[in-house]
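Engineer: here is my input; please provide its structure:
(chains A and B)
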Amino acid sequence: MRCRQAQRLMTPTVDNELEPRQQHALDQHLTACAACRQELAATRTLLEVVARLPAEMSLPPRLEEVTLHRMRDAARAERSERRPAPWWRSLSLPALTVAAVAVLALAVGLRQFDVVSTRSVDIPGRLAAKSGHQAASQHQVASEAARTRVARQEPRRASEPPKYPPAELASAPDLFMDLPILRHMEKLEHFDAIRTTTVDEAPDPSAGQQERSSG
Amino acid sequence: MRTEPGDPALAAPVPAEATARAAADPDVALMLRLQAGDESAFQDLFRKYAPRVLQLARRFVGSQAQAEELTQDVFVQIFRFRHRYKPQSRLVTWVFTIATNLCLNELRRPERQLRVDLWDRRDGEDRPEDPPLPDPAAVTAEEGAATRELAQQLEAAVAALPPKQRAALLLSRVDGLAYRDVGEAIGCSEGAVKALLFRATQALKRSLRDYV
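Structural biologist: Numbering: from 1, shown residues only, chains lettered A, B, ... in the order given. Got it, this is the predicted structure:
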């Protein structure tokens, strides 16, 4: 054994952590090497001094209380974590996927049903236009259909607006401005019906002229 | 005082073998009580090991306030992982494994490194990390000024050791853990512990050559 190897075994031999074979080899080296014997003595002294360092420290008064408080918080957190999970968490991912697809399909189906029912309301209008009833234009029927649909979705207003302005307003025409958009207010009111009407179902032009002249 | 005795969230089944070991080892009995949800067992555990954990933490981080915070963390971890404790292993080793890991993690924190770097740039000013304050109880009055000075120099030299060497030295020499247990606490083999101790001893010899 060389001195370098012997030095590596000095701390373990002081700590009684050497295997018998290594201990024997070290002892043999030490009997022949005075420098290593001196080194071992120094190592032993140093490690004894280190071992005399205090292992404990006096605890501050509130440390136990604060730690206990934190431990109770941790215990509460554990209990809340172990509460039974909601029923839907027990479902597997495939089951949740199937449920989501079913809900989506139902939503799409309901929307399709709504479109079909709207078109079915439009059918009398088309028939009326084709039968040549000039009094009831398809535009007007579509407007009626739109009104019907709006009426299904929204509560009807409590009172209809007056057809004519009150006498006090009619006597002051300067209060009113003649804007082109105001003349087309009825069309704007029936915008939804116009938007849903296809080109081949265009309203009778004469009916439109009638509307413009009446507006 | 108990924390809701019988609470399934806190209690765990105790095997017969563990019960037999508990009869022989009071530390095992303490842990089994804690695993069963006994809050007083936690207090007993704290009173038994906190002074040692606090001292170890102070030698790692230097600051008393941080050492106290680390000690709290150690015991909260002990409580949280109490069901992982196996009666086959020594409780003191398990406690010091948690303590050493938290201390080493604390030293690795980037904000701590930054803080140390900033302090390092100030010349001629004592750093808050090391050398740590000497424990007044380290030496008695009779041992004299020379012994007190040696103790201070030794504390400073230990604090200057790299963290793993410091952990190996303190756990083996101060806390009396066997090399196998030191290896378990630090997370390395017995051979690695021997190497760490060799390097630590050599460094201390160099630092204290005027005293030893």
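
Engineer: rest of the way, CA atoms for contacts and neighbours
Structural biologist: Fine.

Engineer: what are the ranges of the helices in chain B?
Structural biologist: Remark: helices assigned in chain B by DSSP state H are B:16-24, B:26-35, B:39-61, B:64-80, B:91-108, B:110-120, B:144-159, B:163-169, B:179-186, B:190-207.

Engineer: now residue A:92: how far from residue B:109?
Structural biologist: Look at residue A:92 and residue B:109: by CA to CA, to the nearest Å, they are 40 Å apart.

Engineer: hmm, I typed the wrong one, I wanted residue A:102.
Structural biologist: According to CA to CA, residue A:102 stands 50 Å off from residue B:109.

Engineer: with residue B:29 instead?
Structural biologist: Distance of residue B:29 to residue B:109, given as CA to CA: 36 Å.

Engineer: more crowded one of the two?
Structural biologist: residue B:29 (19 against 10; other CA atoms under 10 Å in any protein chain shown).

Engineer: how far away is that one from chain A?
Structural biologist: 20 Å (CA to the nearest CA, to the nearest Å).

Engineer: show me the contacts for residue B:44.
Structural biologist: Contact analysis of residue B:44 by CA atoms under 8 Å, 6 or more residues apart in numbering or on different chains lists residue B:30.

Engineer: contact partners for the residue in chain A that chain B sits nearest to?
Structural biologist: Using CA to the nearest CA, the closest approach of chain A to chain B is made by residue A:56 at 4.3 Å. By CA under 8 Å, 6+ apart, residue A:56 lies in contact with B:51-55.

Engineer: and which of these is nearest to residue B:97?
Structural biologist: Checking the contacts of residue A:56 against residue B:97 with CA to CA, the nearest one is residue B:53 at 10.6 Å.

Engineer: spatially nearest residue to that closest one (excluding sequence neighbours)?
Structural biologist: Ranked by CA to CA, 6 or more residues apart in numbering or on different chains and with sequence neighbours excluded, the top spatial neighbour of residue B:53 is residue B:71, at 6.2 Å.

Engineer: thinking again about what came up before, what's the ChimeraX line that selects buried ones from the contacts of residue A:56?
Structural biologist: Filtering these down to the buried ones (16 or more other CA atoms under 10 Å in any protein chain shown) takes a single ChimeraX command:
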select /B:51,52,53,54,55
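
Engineer: need the contacts of residue A:56 in CSV with pLDDT, can you?
Structural biologist: Below are the contacts of residue A:56 laid out as CSV (pLDDT from 0 to 100):
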residue, pLDDT
B:51, 96
B:52, 95
B:53, 96
B:54, 95
B:55, 94
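
Engineer: within range of chain B, give me the residues from chain A.
Structural biologist: A:7-8, A:11-12, A:17, A:42-43, A:45-47, A:50-59, A:63-64, A:66-68, A:70-71, A:74-75, A:78-79, A:82 (CA under 8 Å from any CA of the partner chain).

Engineer: what is the burial count for residue B:100?
Structural biologist: With other CA under 10 Å as criterion, residue B:100 counts 26.

Engineer: shouldn't it be in contact with residue B:186?
Structural biologist: Yes. Taking CA atoms under 8 Å as the definition, residue B:100 is a contact partner of residue B:186 at 6.8 Å.

Engineer: so what sits against both of the two?
Structural biologist: Common neighbours of residue B:100 and residue B:186 are listed as residue B:167 (criterion: CA under 8 Å, 6+ apart).

Engineer: OK, contacts around whichever residue of chain B sits closest to chain A?
Structural biologist: Using CA to the nearest CA, the closest approach of chain B to chain A is made by residue B:52 at 4.3 Å. Residue B:52 is in contact with A:55-57, B:175, counting by CA under 8 Å, 6+ apart.

Engineer: quick one: the helices in chain A, in order.
Structural biologist: A:3-8, A:10-14, A:20-32, A:34-51, A:63-81, A:93-130, A:138-153, A:167-170, A:180-183, A:185-189, A:191-195, A:205-214.

Engineer: contacts for the second one next, please.
Structural biologist: Contacts made with helix A:10-14 from outside it, assessed by CA under 8 Å, 6+ apart, are listed as A:18, A:23, A:40, A:43-44, A:47, B:194, B:197-198, B:201.

Engineer: so which of the residues you listed is surrounded by the most neighbours?
Structural biologist: That'd be residue B:197 among the contacts of helix A:10-14, by other CA under 10 Å, with 26 neighbours.

Engineer: show me the shaky parts of chain B.
Structural biologist: For chain B, residues meeting the criterion pLDDT under 70 lie at B:1-23, B:110-143, B:212.

Engineer: if you set the cut-off to 90 instead, what comes out?
Structural biologist: B:1-30, B:35-39, B:61-63, B:85-90, B:106-153, B:207-212 (pLDDT under 90).

Engineer: so which residues on it come close to chain A?
Structural biologist: Counting by CA under 8 Å from any CA, the positions of chain B adjacent to chain A are B:9-10, B:43, B:46-47, B:50-56, B:68, B:72, B:75-76, B:79-80, B:135, B:137-138, B:151, B:154, B:173-175, B:178-179, B:194-195, B:197-198, B:201, B:204-205, B:212.
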